[in-house]
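> Please work out how this folds:
(chains A, B, C and D)
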Amino acid sequence: MASTDIDRGVRGLRDRKKHYSIFSLARQAGDYHQGWQQAWRHAEPKPEYDAVIIGGGGHGLATAYYLASVHNMTNIAVIEKGWLGGGNTGRNTTIIRSNYLWDESAAIYEHAMKLWEGLAQDLNFNIMFSQRGVLTIAHSEHELKEMSRRVHAIRLNGIDSDILSPDEIKKFVPIMNMDPAIRYPVMGGFLQKRGGTARHDAVAWGYARAADDMGVDIIQNCEVVGLRRQGRKITGIETTKGLIKTRKVGCVVAGHSSVLADMAGIRLPIASRPLQALVSEPIKPILDTVIMSNAVHMYISQSDKGEMVLGAGVDKYNSYAQRGSFPVPEHMLAAAVELFPVLSRLRMLRHWGGIVDTCPDASPILSRTDIEGLYFNCGWGTGGFKATPGSGHVFADLIANDRPNEIAVPYALNRFETGLLIDEHGAAGVAH
Amino acid sequence: MLEIKCPYCGPRDEEEFSCGGEAHIARPLSENSLSDKEFADYLFYRDNPRGVFLERWRHAAGCRRWFNVARDTLTHHILEIYPMGAKPVSKAGRAAYNANWRRDSQAEIAAQPASQKTNKTSSAKR
Amino acid sequence: MASTNPHAQMPQITALPDIMPNPEGGAPGLTLAAISGKTLINLRASDKIKASLDTLFGTALPTQPNRLSIIGASRAMWLGPDETLLMIDEARQAEFMLKLGATLKDTHYAATIITDAIRILRLGGARRLDVLAKGCGLDLHPAIFAKGHCAQSLLSHASVTLARDAEDSLLLFCRTSFSDYVTSWLKDAAIEYGYRLDTSPAPHR
Amino acid sequence: MAKNNQKNMTIAARSSASIDSQTPISFTFDGRKYQGCKGDTLASALLANNVHLTGRSFKYHRPRGIMGAGAEEPNALVGVGTDGRIEPNLKATQVELYDGLVAISQNRFPSLKLDVGEINSVLSRFFPAGFYYKTFMWPASFWMMYEHIIRHAAGLGKAGDDHKDPDRYEKRHAHFDIVIIGGGLSGLMAGLQAAKSGQRVLIAEDQPQWGGWLRACEDIIIDGMSGQAWAEQAVSRLQEMENVTLLSRTTCFGYGDHNFLTLAERVSDHLAEKPAHLPRQRLWKVRARQVILATGAIERPLVFAGNDLPGVMLASAAQTYLCQYGVLVGTRGILMTNNDAAWHNAFALHRAGCRIKVIVDTRQNPSPALIKQATDLGILTRIGSGIIAAHGRLHVARVEIAPLSEAGDALTGEPEHFDCDLVMMSGGMNPVVHLHSQARGKLKWDERSHCFRPSTTHEAEQSVGSCNGSFDAAIGAKEAIAAARKAIKANSGEAAEITLPEITATKIKWTPMPIWQIPTGQPAGQGGKAFVDFQNDVTANDIQLAVREGYHSVEHVKRYTTTGMATDQGKTSNINALAILARERASDIPSVGTTTFRMPYTPTSIGMIAGRDIGGLFDPVRTTPMDKWHRAAGAKFEHVGQWMRAWYYPKDGENIQEAVIREVEAARQYAGLLDASTLGKIDIRGRDAAEFLNRIYTNSWLKLGVSKCRYGLMCKEDGMVMDDGVTTRLAEDHFHMTTTTGGAAGVLDWLEEWLQTEWPDLQVYLTSVTEQWAVATLSGPAAREILKAAGTDIDLGDDNFSFMSMREGHISGLPARIYRISFTGELSYEINVPARYGMALWTSLMRAGKNFGITPYGTEAMHVLRAEKGFIIVGQETDGTVTPYDLGMGWIVYDKKPDFIGKRALARQSMGLGDRKQLVGLRTKDPKQIIPEGAHAVLDPNQPPPVDMLGHVTSSYFSPNLGHSIAMALLRGGHARKGETVYFPMLDGKPPIEATITDTNFYDPKGERLNGQH
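Take a look at the predicted model:
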């Protein structure tokens, strides 16, 4: 398990002129908002860095931020082929929880949860981390047993989790269909009160702004086309903006990990799958928590804007197309209406797909590779967003010290050789 | 929703099919001397190309037959559909087959009886 | 001891009447009739081997995918390259199986009686194809899914086999344990056209 | 009063071919009663009643009116319906009027005219784009409170309180040779060509009536007919052809892979009386061989201060309301345009009686002909000028017009003031390229028309007419026929000869001026608000701010300012936003790029997509042949996958514990009867059947004798337990396999996969017989006697019918296969009969067993009985991470075999490690205490979290036969810990339960009871 006192690094921004507050807002209002500064510089690559992070999503930016703020590595860059947060960071349903079954999972997700708490202040950016609770519901005897197993483990790992009876669920979520005669009646559930959601774009922007403040170069619209090595050592990366020398490269490119691995001539046990999500039109609040159901296969929350945000499982085939097949939303919405009849007369406003990389054991990879100085952070499947701060924090530690800390050890690539997997399949069901 | 042309039943909706992942994964014969690491290539490591992918599908709600598909994972265009035990014939399909790292993995070599190195039926997944 | 849960009851399936008049007037758009008195044999055998059964069956068994052979009251549905579903009168079963065994002796085949595992419905009525189209992705256009065609597919959440053995009606085969679901689904789907379920004694249960 | 006169005038004067002014329809808006006509939309009816103020904006709660006439409408959002039928956020421009329609405005309190939320507008300087990212952070703990307020301020309409939707929704699949989206001129032309060529054609039109722009266009003549007359004639011709499907009120909202289209048909939304048998909406899931898109174009607004006031409207919309709905939307109008087309809209309104006071054209040199025409009509013109501000409180009352520089980016003179009650604006046209883009077709920027239009396609799809940037009717019609011919050819069909109709319409030179924001003459950030995204209150200043703060990517700007994210999905705002972004980045629109369009084209009913797969039809319920008996006996049921299994049979007043104890005791002392019909059953035949099983199961199968049974365990290739069951050799080449209930389908697929893909050389055929056989398991000392009493022709003596063997014969006259196997440890028979006899078998056994104390038992008692014997249940003792060795079942792994699935994986080094989680038994210190299933074992109950856990309890029951509780658990290194004490912390704060680690075989370890002799 994670040590309870985490080194969060520098808190707030060094450049006070850029500091956000109600006062800066008022001051700027007086100036008709002409004086706001760039959230981050649009840097051009230097010839050489101490480390380069490939991938400007939440995990990559968090990694860079903690490298700078915890490990004082500020001569580093984040390379993003498109725009910051344009991958799964900006395409997920923003659910945050740490109530995992296996110790290894609990360790890293709870590590992340502790960082989420107070992250807005760390970054001086309101990421709207809203601890509205995550309620996972059970629909059968079998699921009730699984639930009991999970809650016991979660509690003993020091993570909050409460079992709710159908009556308590009825009170907690008035719009849920509690009719005992439906196909998959709601027989109970367990709630992590500290769970909830955050504003996904803000997480990327907040990390980018804070990292930039410490001197990290954030380079957008720059695609990596090759990795330079000398024997088994990384010496640099080739990009559309030219060669960048570096001895440490951290790859955090969910969805495209295999593509980068190919460039390095190594392999990953990963399949890229479409994950679909959708939102309804905004309405006044009707749901003030997050609901997950494995049996009927969907999860739902309501955003601060008022949109109902829904997701389900991945499509069944490999894809890099950021789009899935219609039957998935069809089944997702049938399940949603079955559990929440009020949704029937709402309307789907937006629908989209992301590419998630899935591992055989539904657990991530945070690992060194056979190539010295090349590190991978991938395989988060459908559950990556919730881990963002923890993933970045642990990965930064791995890159800075070139050895995994106790949280990272179980997530090394060699587990697929030994077979000592962290199998969240049985446990996870609909993860995200 | 994909439309997949079952070699027997013709074009049907994706919903009728199940996807079996990477095709042509040779199963190491029992009498093998693979290290755990080499065996993991067979057990866990899968090709995951951004582009032409050779994969196995089964017409689950139809004739229940398995077959191979060459599909572009970026465009979702289906380039070729060919039977179990056969190899792709399209140019792109052949290229994808030969480019696969697995072709010269220890696990794949261990799937070849010393006697019949080029035997096809010994492992229909190939 | 497992936790007691308050529910532990059968989910309620909206019980629709057996007859729903056509709201636009006239004959119901869908008619359903349970077929009984048939024996179903799942035959696993290659085309070459099953050809030797043509005489016993009375006509050539289908070798072309998704085709159906019709002779008298007997039907043979192509299910797969080495799989055929035979439907014969129950009265013929004993003799048929005996002769089948004799004919196919020492060949690689499997003939398994699955009569009780399958429920057979005959679907008629002017809107039968519209009803099916609500849950089945097949192109059922009369010119495409013509008489003599059969196909396995999905009807919403159930696997079904459809066999067009007549101009004005077709056969639907589904697993026995799904037949309640399939029947309620079809009734429900036919509400806008009207339907009539012919409740002649089912073959089993 | 002037207003009233004007109102009366508009009602009286209403006449158009699309509405029937003789059939008045009454409706209410915010509780007030109004009258409209048949054929009206809510918007046209409100305008006819001179109601312009229809809503409040999302953020600033600014008063808003009706800006458009269709799917593009950003402002006029209303809630429609009552009780269970309330639907929020509908665009008034899309709601068809019906008698008794009830509509309410949204996002205002207490009323539209007086909305306290308008305070936000006053304070708007403190709420620029993204302000919430910069504050609400102190103190940290307060965010939940801030958020609560934000959440309640946000959101648009309210969902209904009555949560049950009374309406039905249908879905259907359909297949067509050619699908045409859009029933305007080009859509109908393509349709005629395709239909006459014998193709299976679908034409879908979003509107209730066909013709598209033809209905709103006064001057077009086609083959000597008015455009509308021509459209009606074309449709009636198409209706006669049986190869054509025509769907009006049908919106194609999705375009997926391989030409899979999803369309929403509004079947009864527009009916006052909704027929019970009709669905409200119908989802069409269409597979098309070829697709032709004829989806038209949407006019762009202009960005100027006060452009969101009620009374400011798209020029094309003003003409649509006039020509299609017979509504004059104002009396004193002003037009601002950057193109020729809008001049004609103004002329049309002017001729109809709305005095157009000024036409403002931002271009320096519009065609002199237009200027002359205007002058002749007595309309002032202001060339090279723009409206720099519109004023008014709840309605536009006055505008300021000033001359502009040639580039349109600066003022070159003093503003003049004009009062008015209508401002028509036209910033050019946006082709509706959404579906083309959804289908992954590429877009290119048209430098002449200043809009995106389709370029390369990805699917078998073509765009024709305005959605292809061809705004000229004749050209569009030509394109349509050519496209249809191309599609027919691609379908290897024969294109019939059809003649292009003669089309005469006012020629319009389509050269709009690229002007994206009318300067205000004020310093940056100051002056009135010029809106880009109306619904989300995104102004040009907000976009400038985003760029200033470094949000340069179009996606960043969208997400930071929320432009284009409203329920109109940016149909009117995207291009203006893009252009302003390009300007701020000193770049151009093509290189700034556009955002990709995704499903749905317009908001689409969730109920319709769910369809009828809810309630009783959400998922099949599978029941056994004896099901009715269980129900009659008052059984409680357990969900096992889709199956419903009898869980326990409570007698009056019994709770589950009491019932299960009674059932368990009966099975041990007398006899119990279990419905085991749900077990998976697979018939396996062929020369190599035994060899096949030998590779599938971990143990050895070659030497099993005929009519003998054997228990088998199967692993996945990774060595983890997958399923188990008893398989019986019926003949040399014939086996009967049983699987777990949940595993049945998966195992059959698994076996087929290995046969087809790995071992095609094996001669083995598989057939599922799960439902062919009903199974009643008779278990207990009296089992043999009961079978005799039921009447059987089988010699049940041990020497003839020994344990683990099978006999065929009859039970009470029913043909049966009896397997003498035991999952309870008692003398036990699994009696299989053809499913039709299942009920008969059950009842006759119950009858025969009456005097022997036979008791039906459910799955719960079955679990207890097998647990007393330490038998595992796959899925309870295993979870995909457990090997046979972990279960202590090494005895069933015959690794001398050359091969079996999982063999190599089980040989991996780590699989031998002693600290794997291993299955053990548990005896609680207090025999009455039952450890909750799922509880975790710890060595030190006082260790603070995170606690070191050994593993969890997989099964736990009170064993009445042993008189103490029993449990099984998967504990780290468990096999080596026998005799050790472990503790199980409780959730409810009670003290931990103390237990000793034991073997798992608790009851009759020698297995003496199997023969029933005791």
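
> Could you use CA atoms for every contact and neighbour count after this?
OK.

> Could you show which parts of chain D are in contact with chain B?
D:256-258, D:260, D:717-718, D:753, D:756-761, D:898-899, D:904, D:908-909 (Cα under 8 Å from any Cα of the partner chain).

> The residues you listed in helices, which ones?
Within the residues of chain D next to chain B, residues falling in helices by DSSP state H are D:753, D:904.

> which residues of the chain score low on pLDDT?
Reading this off chain A. A:1-4, A:425-432 (pLDDT under 70).

> My question was about chain D, not that one.
Within chain D, the ranges that satisfy pLDDT under 70 run D:1-13, D:162, D:1013-1014.

> can you list the domains in it?
Domains of chain D are assigned by automatic domain parsing as D:169-297+D:431-503, D:658-677+D:772-866, D:680-768, D:913-1010.

> Switch the ones you listed over to CSV; also include distance to B:E15 and mean neighbour count.
Shown next, in CSV, are the domains of chain D (distance: least, Cα to Cα, whole Å; neighbours: other Cα atoms under 10 Å in any protein chain shown):
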stretch, distance to B:E15, mean neighbour count
domain D:169-297+D:431-503, 13, 21
domain D:658-677+D:772-866, 27, 22
domain D:680-768, 16, 20
domain D:913-1010, 36, 20
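
> can you list the ones you listed in a markdown table and add distance to chain C?
Supplementary listing: those in a markdown table, determined by distance: least, Cα to the nearest Cα, whole Å:
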| stretch | distance to chain C |
| --- | --- |
| domain D:169-297+D:431-503 | 4 |
| domain D:658-677+D:772-866 | 4 |
| domain D:680-768 | 6 |
| domain D:913-1010 | 5 |
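
> got those domains as a markdown table, with distance to A:G242 columns?
Formatted as a markdown table, those follow (distance: least, Cα to Cα, whole Å):
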| stretch | distance to A:G242 |
| --- | --- |
| domain D:169-297+D:431-503 | 28 |
| domain D:658-677+D:772-866 | 66 |
| domain D:680-768 | 44 |
| domain D:913-1010 | 48 |
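
> quick one, helices of chain A?
So, for chain A - with DSSP H - the helices run A:22-30, A:58-69, A:103-116, A:119-123, A:141-156, A:166-172, A:200-213, A:257-264, A:327-339, A:388-401, A:415-418, A:424-428.

> which one of those is the most hemmed in?
helix A:58-69 (a mean of 31; mean count of other Cα atoms under 10 Å in any protein chain shown).

> Check which helices and strands that helix is in contact with.
strand A:51-54, strand A:76-79, helix A:200-213, helix A:388-401 (3 or more Cα pairs under 8 Å, 6 or more residues apart in numbering or on different chains; DSSP states H and E).

> Let's see that helix as CSV, backbone CA atoms only.
The C-alpha trace of helix A:58-69 is given here as CSV (Å, rounded to 0.1, in the frame of the first residue of the first chain):
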residue,chain,number,x,y,z
GLY,A,58,-3.2,13.8,-18.2
HIS,A,59,-0.8,11.0,-17.3
GLY,A,60,2.1,12.4,-19.4
LEU,A,61,1.6,16.0,-18.1
ALA,A,62,1.3,14.7,-14.5
THR,A,63,4.5,12.8,-15.0
ALA,A,64,6.3,15.9,-16.2
TYR,A,65,4.8,18.0,-13.4
TYR,A,66,6.0,15.6,-10.6
LEU,A,67,9.4,15.1,-12.3
ALA,A,68,9.8,18.9,-11.9
SER,A,69,8.1,19.5,-8.6
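
> what residues does that helix touch?
Residues external to helix A:58-69 that are found in contact with it (Cα atoms under 8 Å, 6 or more residues apart in numbering or on different chains): A:8-10, A:53-55, A:73-74, A:76-78, A:85, A:89, A:203-204, A:207-208, A:210-211, A:214, A:216, A:251-253, A:385, A:388-389, A:391-397, A:400.

> Just the element for D:D749, please.
helix D:744-753 (DSSP states H and E).

> Run the contact check for that helix versus chain A.
No - against chain A, helix D:744-753 shows no contacts by Cα under 8 Å from any Cα, the least distance being 15.7 Å.

> who's the closest residue to C:A76 other than its chain neighbours bridged to?
Excluding its sequence neighbours, the residue lying closest to C:A76 (Cα to Cα, 6 or more residues apart in numbering or on different chains) is C:L86, at 4.5 Å. Per DSSP bridges, the residues bridged to C:L86 are C:I41, C:A76.

> Could you report the distance from C:L86 to C:V160?
Look at C:L86 and C:V160: by Cα to Cα, to the nearest Å, they are 15 Å apart.

> Same question for D:D749.
Applying Cα to Cα, the value for D:D749 to C:V160 is 17 Å.

> What residues sit buried inside stretch D:879-889?
Buried residues in stretch D:879-889, defined by neighbour count with 16 or more other Cα atoms under 10 Å in any protein chain shown: D:879-888.

> got a list of contacts for it?
Contacts of stretch D:879-889 (Cα under 8 Å, 6+ apart): A:423, A:426, D:713, D:715, D:719-722, D:890, D:892-893, D:906, D:916-920, D:975.

> Tell me which of those residues fall in strands.
Counting by DSSP state E, the part of the contacts of stretch D:879-889 found in strands is D:713, D:715, D:721-722, D:917-920.

> What score does B:N32 have for pLDDT?
The score at B:N32 is 79. That number is its pLDDT.

> Return the residues in contact with it.
Going by Cα under 8 Å, 6+ apart, B:N32 touches B:A110.

> Over to D:R847?
By Cα under 8 Å, 6+ apart, the contact set of D:R847 is D:A790.

> mind saving the C-alpha coords of the helix or strand encompassing it as CSV?
Per DSSP H and E, D:R847 falls inside helix D:838-849. The C-alpha coordinates for helix D:838-849 follow below in CSV (Å, rounded to 0.1, in the frame of the first residue of the first chain):
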residue,chain,number,x,y,z
GLY,D,838,-39.2,-33.3,-17.0
MET,D,839,-42.4,-32.3,-15.1
ALA,D,840,-43.7,-35.8,-15.2
LEU,D,841,-40.5,-37.2,-13.8
TRP,D,842,-40.4,-34.6,-11.0
THR,D,843,-43.9,-35.2,-9.9
SER,D,844,-43.7,-38.9,-10.0
LEU,D,845,-40.5,-38.9,-7.9
MET,D,846,-42.1,-36.5,-5.4
ARG,D,847,-45.1,-38.9,-5.2
ALA,D,848,-42.9,-42.0,-4.9
GLY,D,849,-40.7,-40.3,-2.3
